[in-house]
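S.K.: Give me a 3D structure for the following:
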Amino acid sequence: MRDGGNIEARILIVDDDDVDRRAVRTALARSQMQIDLAEASCGAEALALWELQPFDCVLLDYRMPDMNGDELFRELLSMRPETPISAIFLTGRGDEALALEMIGSGALDFMPKNDVSPATISRVIRYALARQSYIVQLNRLANEDPLTQLANRSLFSNMLDRSIARARRAGTQVSILLLDLDRFKRLNDTLGHSAGDSVLIEAAGRLRRLLRQSDTVARLGGDEFAIFYEDEDTAEGAGALADRITTELARPFLVEDQPWHLGASIGISIFPFDGASADEMIRNADLALYKAKSSGPGSFHFFTEDLNKKAQERRRIEVALRESIPKTDAFELHYQPRMNPSTGRMLGSEALIRWRHPDGTMTMPDAFIPIAESTGLIGPIGRLAIDMACRECATWSDLCDGMPFVSVNVSPLQLVDDKILVTVCEALERYGLDPSQLEIEITETAAMDNREPVMKVLDRLGALGIGISIDDFGSGYSSLSRLQDLPVNKLKIDRSFIAGMTTDTRRAPIVDLIISLGKHLDLGIVAEGAEDAETVAYLAGAGCDEIQGFHFAGPMPPEEFRRWCGNRGQTSASAPESRLWSAAGGVPAISAQHQLGAD
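M.R.: All right, here's what the predicted structure looks like:
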């Protein structure tokens, strides 16, 4: 039945009884509904019609020769899982209980065949279509990201599971690309969430334009997006798509009339090689993404079993860290002296944390600090380090000329948390230290990222009289205009420029430039990684204010550090043969092989 007016619904009648179909058809004709009607006398015919086009409403007889109504309903759902079905069961006498059971399976209503009339059938169909419309809206809210209108994590996982099931039957592959926007947090913190939202919407649009209609893209949360697609051989295609995405998202985003260069990092996993379920595939793509981000902005990386092993090791370390944190003796600080390169006088020390793993091994910070930062454990560990350093520094008054200081490395995550101010003030008061005896070291990148919250915390620390130095200067990225605004007292030249500077003629000019820059900004200059007398002599002549390195001493446990300070010219008892006399001030050095390792 076709009418030239506006179509209210496309309706499919499925019933093997000609008389019943005619009764429904007649009632519909007399109902004055504007419909597009099709009929099927069995399940197979209904499936064939549904494959050609979906229908808004299906009137189903439960009892048919080739399949029952429940089986047909499930087949229709599986053929077009993204298409809602307003299913109404036509029941005979005694079938009402069965029809109610079908409603529990997803049908919207039932209608006894002996009650088919124009008024009844139009009411039942219109009510079913209205309910279906509400269900669609609720599903959209449940499955769609409201900002970008992309699929959300829940819908993405469900669709991926179905895609994996199809690929398993067909012997094909499914690629997952998980991506994060690089530098997005910086933009969000600088310009606010409204600007960040506009970038996410634009990024979603760019991704849509890059993909085929058959591909699926979702926003999983924050600045994280995910894509999957099916193919016979996807590794090469996934790499090519990742390359196109990184190129597209490297184009600047125009935000508040200013170009912002973000980019994207991507992790890739491929079914069936990298997992058997959606959750496993997403988890492995996330591991690959972590590796890509560590390789630098605009990178992509495929999952490998080695990444899985590293993830398991990271998990074991996390569990051991959580076990260790309540036991304050599981962490200790080793101290490496800071020296005046011209006089050989010790000025203070840098505190370098060590962790005694529950298995008894001493663990260096590079092996556990990144994990502590990513799991939120850096807070209690960082607070403990500040407390321990202040407590130890309070015992040095008779070991140093003048008032000694201790320098403590602070994680970027601590700089955006006001708790660090409470920790510092309580430690200074508890151990009777002058604020000038505590120095906070922050990395160059931390100083430049999250500028507003970092500035707030650093300003308040500086107002207390606490020294602030930028660690590893020259290894990250700096804005000179931002540098002069930061309440910083010292620049600490990255060890990569100091090591071998007397033999590599390219490094010394860089060191000279950093020293000159610091002097013009009225900042103290610290060099780390001085391994020989010639390097110390050069740095002293260039105007460097403080030096630390194995030429003087490596990091030492507290007791050994006190002995070193007391002897001031004697090597540690554990390394009597390692005396190397300094050309700058006559201070003996302790060779690197007798130390626990530089930080």
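
S.K.: contacts, neighbours, all on C-alpha from now
M.R.: OK.

S.K.: Show me which positions of stretch 193-207 end up buried.
M.R.: 195-200, 202-204, 207 (16 or more other Cα atoms under 10 Å).

S.K.: how about those residues in TSV, adding distance to D70, secondary structure and pLDDT?
M.R.: Output for those, formatted as TSV (distance: Cα to Cα, whole Å; DSSP: H, G, I helix; E, B strand; the rest coil; pLDDT from 0 to 100):
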residue	distance to D70	secondary structure	pLDDT
A195	50	helix	93
G196	48	helix	93
D197	45	helix	94
S198	46	helix	94
V199	46	helix	95
L200	43	helix	96
E202	44	helix	95
A203	43	helix	96
A204	39	helix	95
L207	39	helix	95
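
S.K.: How is this protein divided into domains?
M.R.: Annotated domains of the chain cover 9-143, 153-303, 325-594 [automatic domain parsing].

S.K.: Can you add distance to R315 and give those back as JSON lines?
M.R.: JSON lines is the format used below for the domains of the chain (distance: least, Cα to Cα, whole Å):
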{"stretch": "domain 9-143", "distance to R315": "31"}
{"stretch": "domain 153-303", "distance to R315": "12"}
{"stretch": "domain 325-594", "distance to R315": "9"}
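
S.K.: Any idea which of those gets closest to R314?
M.R.: Closest of the domains of the chain to R314 is domain 325-594, at 6.8 Å (criterion: Cα to Cα).

S.K.: before we move on, the earlier item: closest one to V319 among the domains of the chain?
M.R.: With Cα to Cα as the yardstick, what comes closest out of these is domain 325-594 (10.3 Å).

S.K.: model confidence over that closest one, on average?
M.R.: For domain 325-594, mean pLDDT rounds to 82.

S.K.: For that domain, what is the distance to the chain centroid?
M.R.: 29 Å (Cα atoms, centre = their mean, to the nearest Å).

S.K.: ditto for stretch 111-124
M.R.: Averaging C-alpha positions (Cα atoms, centre = their mean) puts stretch 111-124 56 Å from its chain's average.

S.K.: For stretch 306-317, list every residue counted as buried.
M.R.: By 16+ other Cα under 10 Å, the buried positions in stretch 306-317 come out as 307-308, 314, 317.

S.K.: would you put the C-alpha positions of that stretch in CSV?
M.R.: What follows is stretch 306-317, C-alpha atoms only, in CSV (Å, rounded to 0.1, in the frame of the first residue of the first chain):
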residue,chain,number,x,y,z
ASP,A,306,57.6,-6.7,24.8
LEU,A,307,55.3,-3.8,25.6
ASN,A,308,53.0,-6.2,27.4
LYS,A,309,55.9,-7.5,29.5
LYS,A,310,56.9,-4.0,30.4
ALA,A,311,53.3,-3.2,31.4
GLN,A,312,53.2,-6.2,33.6
GLU,A,313,56.5,-5.2,35.2
ARG,A,314,55.1,-1.6,35.7
ARG,A,315,52.2,-3.2,37.4
ARG,A,316,54.4,-5.2,39.7
ILE,A,317,56.4,-2.1,40.6
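
S.K.: hmm, who's touching it?
M.R.: For stretch 306-317, the surrounding residues in contact (Cα atoms under 8 Å, 6 or more residues apart in numbering) are 284, 287-288, 291, 368, 371.

S.K.: Quick check: the farthest pair among those residues?
M.R.: Spatial extent of those (Cα to Cα) is set by the pair N284 and F368 at 21.5 Å.

S.K.: And those two? Which one has more around it.
M.R.: For N284 and F368, the more surrounded residue by other Cα atoms under 10 Å is N284, and the numbers stand at 27 against 17.

S.K.: List the contacts of the more buried one.
M.R.: Contacts for N284 were tallied using Cα under 8 Å, 6+ apart; they are 268-269, 274-275, 303, 308.

S.K.: distance of it from V454?
M.R.: From N284 across to V454, the span is 33 Å (Cα to Cα, to the nearest Å).

S.K.: and if you look at V488?
M.R.: To V454, V488 is 12 Å away according to Cα to Cα.

S.K.: my guess is F561 meets Y335, correct?
M.R.: Yes. With contact defined as Cα atoms under 8 Å, F561 reaches Y335; the gap is 6.6 Å.

S.K.: which of V488 and V454 has more neighbours?
M.R.: Just comparing V488 and V454: by other Cα under 10 Å the higher neighbour count belongs to V488, 24 against 21.

S.K.: And the helices in the stretch 251-400 of the chain?
M.R.: Along the stretch 251-400 of the chain, counting by DSSP state H, counting those that start in this stretch, helices occupy 278-294, 305-324, 365-375, 378-393.

S.K.: In terms of pLDDT, where does the closest residue in space to C42 that isn't next to it in sequence sit?
M.R.: Leaving out its chain neighbours, the residue that sits closest to C42 by Cα to Cα, 6 or more residues apart in numbering is D16, at 5.6 Å. Predicted confidence (pLDDT) for D16: 90.

S.K.: go on, the one 3 residues further on?
M.R.: What the model reports as pLDDT for V19 is 91.

S.K.: any idea how far it lies from T26?
M.R.: 11 Å.

S.K.: for M67, same thing?
M.R.: Computed as Cα to Cα, the M67 to T26 distance reads 26 Å.

S.K.: R80 too?
M.R.: Going from R80 to T26 by Cα to Cα gives 29 Å.

S.K.: what's the answer for G267, then?
M.R.: Per Cα to Cα, G267 is found 59 Å from T26.

S.K.: Give the residue from these two that has the larger number of neighbours.
M.R.: G267 (27 against 14).

S.K.: Ignoring the adjacent residues along the chain, who's closest to the more buried one?
M.R.: L289 (3.6 Å).

S.K.: Now that we're looking at the one you found, what pLDDT does it have?
M.R.: At L289, the pLDDT value in this model is 94.

S.K.: quick one: low-confidence ranges for the stretch 101-250 of the chain?
M.R.: 102, 104-106, 232-234 (pLDDT under 70).

S.K.: For this protein, which helix extends over the most residues?
M.R.: helix 118-143 (DSSP state H).

S.K.: If you count neighbours, what's buried in that one?
M.R.: For helix 118-143, by 16+ other Cα under 10 Å, it's 118, 121-122, 124-126, 128-129, 132, 140, 143.

S.K.: in which helix or strand would I find L60?
M.R.: strand 57-61 (DSSP states H and E).

S.K.: ok, and for the next helix or strand after that strand, which residues are buried?
M.R.: Read in the C-terminal direction, the helix or strand following strand 57-61 is helix 69-79, with elements assigned using DSSP H and E. By neighbour count on 16+ other Cα under 10 Å, the buried set for helix 69-79 is 69-70, 72-73, 76.
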